[in-house]
Structure formats: C-alpha cells, structure tokens
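>>> okay, sequence plus prediction incoming.
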Amino acid sequence: MTDTLSTHLDGALEAFEQHDEERALDLLVQTWRFIREERLARLIERLSDRLTSGLHLPDTAEVSLRASRRKMLDLPLLRGALQQALSLGHAAAVAHWLEQFREWPGSPQLQWPADPRLTFTLVDVAQHPVAATPMVAQPLLQLLESSADMRVLDRLQRLWRTPEAEPRDIEERKVQLRRTALLERIQAVHPRAPGPEATTRLEAWENALTQRETREATHAPLRGELLGRVFASPEDMSARLVLADHLQESGNPWGELVSAQLMPGASAERIEQLIEQHGLWWEAPLGPLVKRGSTRFERGFPMAVRLSTRVRQALAEPGPEWRTVREIDTLGISTPELARWLCHPNLANVTTLRRVAPELARALLRHAPPVRSLSLVGSLTQKDPTLLAQLAELPRLTHLVLHTTAPEDVQQCALSPLAPRLKRFEARAVDAWTLVLAPEREQPLRATLVHGQHVESLAQALRGAMTFRAPRVHIRGAHRTDPRGQGMLRAAVAPHPNVVWS
C-alpha cells in the first residue's frame, strides 16, 4: 500500500511540475481512494480551488456529463448545482444532481469514485428536510457509503442518532435502517496513517504548491503590466514577445503558446496539445459569456469565440481582454442588449460576426460596428425583406454569408447596393445546395447541388446570382438529379457564356 501511495503522489507531483495541474488533481483524488487522510483532502481542495478560481463554468444545462473530458473540474460545477437545488428545497432537483454523482461519465454502471470535495456537500443534503424523501435518501446514502469519509462521522452520528418519530411507512423504515448501517460501516473503517515516505511526499506537495503560488504572486504586477501593453496595442507583436519571454521565465506554459504561434514553422501538434491542456484557463478572462472549450487562439490569445447561451441573461461589460478577439459566433441569439454589447469599445477589433439572426443584424445597423464579414441565418425574404439592401450602411462590410437561406435571398443580395463591393459572397441551404462567389479574385461562381430533390431551389438561386456578373460559372453535382433537373440548371445559367459542369 505504501508503494502505491508513493507512486500516486510522485506521479501527481510530476504532473504538477509539468504544469498539468488537472492531471495532478486527478491523481491526488485517486490517492485519496487508497487513504482517507485529512491532510491529503485539504491538499485536494486547495488545488481544486486553485484550478477553478477565475473560471466561469457554464450553465448546468450546457454540461454534457457523458461527453465531458474534464471530470475533475466538473465536480465543483455539479456540486454548485446540487447546492443551488438544495437551497431551493426542490427534492426532485436534489435527487437529479445526486444521481449525476452516482454515474461515472460515459459508464452508467460505475459510480462516481469517492472524492473528498463532495463529502461535506453530502452532509449538507443529509441535514436538509428533503433528505427524508426516498428519492433523495437512496442516492445520498449510497454516495456517503461509497465515500466512507471518517471526517463526517461525528456530524452524521449527531444528526441521525437523535430521537425521531416513528417511521410513517416501510420506505422511511428502510431509510432509518440504512442510516444505522451506514454509520456502523463508516465507524468500522480504520484508515491507515500515511507512512514516513507518504508524509514526506505530502510535505513536498504542499511546498511545491506554496512555491508556485508565491512565484505567481511575485510576478503578477509585471505580468499585468505586460498584458496591458498587449491589450492596448493588439497588433504590436513585440509586446507579445516580451510577455512570452516573461511567462516562460516564470514557468508559465502560456508563454510557450505565445512564442509558438508567433514562430513560423512551430509544431502544430504541440500548439494543439497546449491549448487542449490549458485553453480552459486562457479563455477564462473573457468571462462567462464564452462557451467553454470553443475558443480559437492566434498569436497566443483568444481570436475567435462562440458565445454561451448566458447571453440571454444579463450581459457583463466586456473587459480589455476582449481586444484580441476578431471573430464572434453569436449562435443566432438576438436581443437588443446583445447588439449594444457587440458595439462596446473593447470589441472594436471584432470584424467577423457569425450566425447572426436578422433581428440582431437589424439592431446592429443602428450602431454601425466595424464588421467586415457577416454570416446571417434564416430566410431574409421572409423575416426582413429590406435587410440585405440596408446592410450597405455597414461601411466596412465586404464578406457576406447567408445560412439556411431561401433562393430569393440570392437575387435580393445581387440587386442590393452592397453587391458591388462584396469581395466574397456565400449562400448555403443546409443539405440542399451552396453558392460561392469571390469577385475580387476573379474566381468563378461555384454552385454545388448537395441533394437532387432541391434542384429547383438551386436553379432559382442561380437565376438570381447571374446579376453578380461572375467571369465563369462552375456547376457541380448536377449528376445528383434527373435529366429534367439538369435541364432546369442549364436553363438557369443559359445567359452566361462560360459555364463548366462537373
């Protein structure tokens, strides 16, 4: 057992020294399952609090437990959701969240392994009136039994060995019996004290964590100053390089990412590995409005983000950290507050907006943001027939994408005041057809039939697209329809002198 503990503690410390703190936490929790030692539990809580400090974890509705790759960091989120349900006194909601801890993500047949971070939350549940309901009592007792945490024995004894009313039914009687059996089982546990080697490793762990926290606190003022330079001048690469040197000198892996993304020929695999391992923390300064794990980094900083469904709630003012962002995916969400938020000075460098609802685009016209590329969703002809013509009021807009569009939208765009200055135009009907045109590059108008049953819709879109005056037209996928459909496509492009089929 001593060898196993030493191996786990050594592996955890090695991961910590390599700045893989999430892996280190995982190994420490695994160590806890061998020895329920209070000093180890405090170390686990300390590292977990460090990892989640500053993180804006997503709404519980956005969490897919079975798809999660961050089990160790999901526990504080789930614990918070459980505590919220408990504060509201909703027995069904409490039971639901307890059930999440009973199933290991991806393996319903396994319980969530014992974790000291959950223990005292379970005691809070046990002290609440909802714990008397069978739907809560069953998963609660199972979780307390699997944890077998001696730290809460006294509290549970005082709670459950007080005089109680006679059980009203057989289910309440079963709960009482299980409580008694659980107390006896925990009391029978005699955890072994860590030996000299494990104690030495725990001390090494505590010292390593303290030293890192001290070093980070010492470097914080200079780091803040260098970050301020980057945010003040996002295009100043010298400021990023100075920051990268400082971060690497202080042992922060973020410095390696900044350097790698500024260095031609850097390992794409290593960059991907760094972002996979640390990206959650590097995107955290953007706040809770960014969907976790969806950020794209360039030159070491967030460049493209996807908004969370939290934007439907109160919008926090974007801080200076947003000044490196160039692209925002709005998820088709539309609120007046979002339009105003997108025009905040700290978002002045955002030039690409994706999946913008017509209502949001209409609201943005009142603020005239510096958008160069706009992706709209939905049929504009039905929702806002005049929007395409009025988009010309956005002075820098040169790239337009229409998603889930109707063929009439293509003609409206081709006839709009915006058309002459478009450098790229795309129209996409999902699983039906696509149109792509890049006039500035003198490329052909490319039309692709994705599914033969939509040939009539594509033919109508092509007739509208002829107004763009592309040098050539390239039709792909005509073989997916019958001769009648092919005839419709040929008739649609008949006015053009240069058509290629493939």
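Sure thing, it's come through.

>>> for the protein, what's the longest helix?
Counting by DSSP state H, the longest helix found in the chain is helix 196-232.

>>> outline the domain layout of the protein.
For the chain, the structural domains run 2-188, 276-501, going by automatic domain parsing.

>>> low-confidence regions, this structure specifically.
Scanning the chain for pLDDT under 70 picks out 1-3, 56-71, 103-112, 162-169, 171, 189-193, 312-313, 441.

>>> where does the most centrally placed residue in it sit: helix, strand or coil?
Nearest to the mean C-alpha position of the chain, counting by CA atoms, centre = their mean, stands residue 292 at 1.5 Å. Recorded secondary structure, residue 292: coil (DSSP: H, G, I helix; E, B strand; the rest coil).

>>> rewinding a little: can I get the domains of the chain in TSV with distance to residue 218?
The C-beta positions use only the backbone N, C-alpha and C, and glycine is treated the same way. TSV is the format used below for the domains of the chain (distance: least, CB to CB, whole Å):
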stretch	distance to residue 218
domain 2-188	16
domain 276-501	19
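
>>> could you look up the SS state of residue 297?
strand.

>>> tell me what it is bridged to.
residue 302 (DSSP bridges).

>>> what is the burial count for it?
20 (other CB atoms under 10 Å).

>>> next up, the contacts around it.
257, 261, 275, 279, 282, 303 (CB atoms under 8 Å, 6 or more residues apart in numbering).

>>> looking at neighbours, which among those residues is most surrounded?
Neighbour-wise, these (other CB under 10 Å) top out at residue 257, 26 neighbours.

>>> just the element for it, please.
Using DSSP states H and E, residue 257 maps to helix 254-262.

>>> got the CA positions of that helix in CSV?
Extracted C-alpha coordinates of helix 254-262, given in CSV (Å, rounded to 0.1, in the frame of the first residue of the first chain):
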residue,chain,number,x,y,z
TRP,A,254,1.1,30.3,-21.8
GLY,A,255,4.5,31.8,-22.7
GLU,A,256,5.2,28.7,-24.9
LEU,A,257,1.9,29.1,-26.7
VAL,A,258,2.5,32.8,-27.5
SER,A,259,6.0,32.1,-28.7
ALA,A,260,5.0,29.0,-30.8
GLN,A,261,2.1,30.8,-32.5
LEU,A,262,4.3,33.7,-33.4
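
>>> got the phi and psi for residue 334?
Note on residue 334: its backbone torsions stand at phi -140, psi 120 [degrees, to the nearest 10].

>>> that one against residue 357, yeah?
Yes. Using CB atoms under 8 Å, residue 334 and residue 357 qualify as a contacting pair, with a distance of 3.9 Å.

>>> circling back: from the contacts of residue 297, which is closest to residue 403?
residue 303 (21.4 Å; CB to CB).

>>> so who does that closest one touch?
296-297, 324-327.

>>> give me that answer again for 10 Å
Residues near residue 303 by CB atoms under 10 Å, 6 or more residues apart in numbering: 234, 261, 295-297, 324-327, 349, 352.

>>> quick revisit: in the helix holding residue 257, what's buried?
When burial is assessed from 16 or more other CB atoms under 10 Å, helix 254-262 yields the following buried residues: 254-261.

>>> from those residues, which is closest to residue 78?
When these are compared against residue 78 (criterion: CB to CB), the nearest one is residue 254, at 27.7 Å.

>>> how many neighbouring residues does the spatially closest residue to that closest one that is not a sequence neighbour have?
Nearest residue to residue 254 in three dimensions, chain neighbours excluded: residue 247, at 5.1 Å (CB to CB, 6 or more residues apart in numbering). For residue 247, the tally of surrounding residues (other CB under 10 Å) stands at 22.

>>> so residue 247 touches residue 274, yeah?
No. Residue 247 is not in contact with residue 274 according to CB atoms under 10 Å; the separation is 12.0 Å.

>>> which residues are common contacts for those two?
With CB under 10 Å, 6+ apart as the test, residue 247 and residue 274 both reach 253-254, 256-257, 300.

>>> and residue 369, that's in a strand?
No. Under three-state DSSP, residue 369 sits outside any strand and is assigned coil.

>>> so which residues of the stretch 301-450 of the chain form helices?
Using DSSP state H, counting those that start in this stretch, the helices of the stretch 301-450 of the chain run over 336-342, 358-365, 380-383, 387-390, 407-415.

>>> tell me which of these lies nearest to residue 208.
helix 336-342 (41.4 Å).

>>> and that closest one, what does it pack against?
Here helix 336-342 touches strand 352-356, helix 358-365, going by 3 or more CB pairs under 10 Å, 6 or more residues apart in numbering; DSSP states H and E.

>>> most packed of these?
Ranked by mean neighbour count, these are led by strand 352-356 with a mean of 22 (mean count of other CB atoms under 10 Å).

>>> report the angle between that strand and helix 358-365.
Here the directions of strand 352-356 and helix 358-365 differ by 140 degrees (axes from the mean of the first three to the mean of the last three CA atoms, to 10 degrees).

>>> neighbouring contacts of strand 352-356?
303-304, 306-307, 325-334, 338-339, 342, 360-364, 369, 371-378, 397, 399, 401, 403-404.

>>> which strands or helices does the longest helix of the chain pack on?
In this structure, helix 196-232 packs against helix 2-17, helix 21-32, helix 38-52, helix 237-249, strand 301-306, with contacts taken as 3+ CB pairs under 10 Å, 6+ apart.

>>> any chance of CSV for these, columns distance to residue 204?
Output for these, formatted as CSV (distance: least, CB to CB, whole Å):
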stretch, distance to residue 204
helix 2-17, 6
helix 21-32, 13
helix 38-52, 11
helix 237-249, 24
strand 301-306, 34
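
>>> residue 265: which of those is closest?
The nearest among those, by CB to CB, is helix 237-249 at 16.2 Å.

>>> between the two ends of stretch 463-477, how far is it?
17 Å (CA to CA, to the nearest Å).

>>> still on that earlier bit, just name the most buried of the helices and strands packed on helix 196-232.
helix 21-32 (a mean of 22).

>>> pretty sure residue 251 contacts residue 216?
Yes. Here residue 251 reaches residue 216: they are 9.1 Å apart, a contact under CB under 10 Å.

>>> follow-up on the earlier one: what residues are up against the residue nearest to residue 254?
Neighbouring residues of residue 247 by CB under 10 Å, 6+ apart: 219, 223, 226-227, 253-259, 300.

>>> can you put the shared contacts of residue 247 and residue 274 in CSV and add distance to residue 149?
Output for the shared contacts of residue 247 and residue 274, formatted as CSV (distance: CB to CB, whole Å):
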residue, distance to residue 149
253, 34
254, 36
256, 39
257, 39
300, 42
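
>>> farthest pair in those residues?
Among these, the pair separated by the greatest distance (CB to CB) is 253 and 300, at 11.0 Å.

>>> nearest residue to residue 425 in space, ignoring adjacent ones along the chain?
residue 437 (4.7 Å).

>>> for the helix holding residue 257, packing partners?
Using 3+ CB pairs under 10 Å, 6+ apart: helix 254-262 touches helix 237-249, helix 268-282, strand 296-298, strand 301-306.

>>> will you turn these into a markdown table that also has distance to residue 392?
Shown next, in a markdown table, are those (distance: least, CB to CB, whole Å):
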| stretch | distance to residue 392 |
| --- | --- |
| helix 237-249 | 34 |
| helix 268-282 | 38 |
| strand 296-298 | 29 |
| strand 301-306 | 26 |
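
>>> helix/strand/coil for residue 34?
Assignment for residue 34 (three-state DSSP): coil.
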